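>>> I need the structure of the sequence given here:
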Amino acid sequence: QKGPSEALSSQDAKDESAEAKERTLAVHRAAALVAARRKPTFGAPSFTTIMIGIIGLYIAFSFVQLYFVFLPKSCSGAEQRCLQPLFPPDQKVDIYVFASKSADFPSKGSPFWNATGVSVSEGITARAIVPLPAGVRSNGSLFAHISVVKPGLSPFPKDHLPPGFN
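Here you go, the predicted structure:
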């Protein structure tokens with residue numbers, strides 16, 4: 001048997017151990033309360049972060065636009081506003097090709113190549129001799145102007161404008 005002093009010291013050790021556990025739990029609870037009250041603090045976003053976000057949004061927007069360019073909605077139904085082809089697939093057209101040193105479509109002259117009665121739905125292959133003006137031969141620019149019109153109409157765009165419109 002243990003004596004009264006040994007029993008007391010054993011009891012004291014148990015009490016000290018229980019007190020230590022209680023203090024440890026109190027410290028953990030206090031730390032948990034402090035952590036729960038503390039809100040995470042973030043600084044203002046940097047310029048780089050903002051620019052990366054803007055560029056990312058631009059890239060996403062570009063992909064959406066490309067999707068709609070290559071896969072447009074179908075043009076069915078009377079209520080939808082769609083672009084219809086200028087020429088039906090079985091339409092015959094006249095094609096005129098002009099050459100000039102100016103970017104503006106010529107208002108007169110004769111084409112260096114033309115084809116009449118060509119079906120819109122079929123391809124065309126042709127060779128032509130292009131006249132080169134003197135200014136073009138010494139590193140100048142030569143512009144090709146192509147006009148596709150219904151048979152019998154003038155190939156010059158100005159002939160199709162309303163009066164007074166230039």
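>>> quick one: the strands in the protein, in order.
Taking DSSP state E as the criterion, the chain contains strands spanning 92-100, 113-119, 143-149.
>>> sheet partners, orientation included, of the longest one?
Strands flanking strand 92-100 in the sheet, each with its direction: strand 113-119 (antiparallel), strand 143-149 (antiparallel) (DSSP bridges).
>>> hang on, the earlier thing: deepest of the strands of the chain, which one?
Mean neighbour count (mean count of other Cβ atoms under 10 Å) peaks for strand 92-100 among the strands of the chain, with a mean of 18. Quick note: C-beta positions are derived from backbone N, CA and C, even for glycine.
>>> avg pLDDT for it?
Taken as a whole, strand 92-100 has an average pLDDT of 91.
>>> now for the strands of the chain, which one comes closest to residue 163?
strand 143-149 (19.6 Å; Cβ to Cβ).
>>> quick one on the thing from earlier: for residue 61, find the nearest of the strands of the chain.
strand 143-149 (33.7 Å).
>>> quick one: that closest one to chain centroid distance?
31 Å (Cα atoms, centre = their mean, to the nearest Å).
>>> show me what that strand is in contact with.
Strand 143-149 is touched from outside by 87, 93-103, 105-106, 111, 155-157, with contacts defined as Cβ atoms under 8 Å, 6 or more residues apart in numbering.
>>> residue 60: how many residues sit nearby?
Residues near residue 60, counting by other Cβ atoms under 10 Å, number 10.
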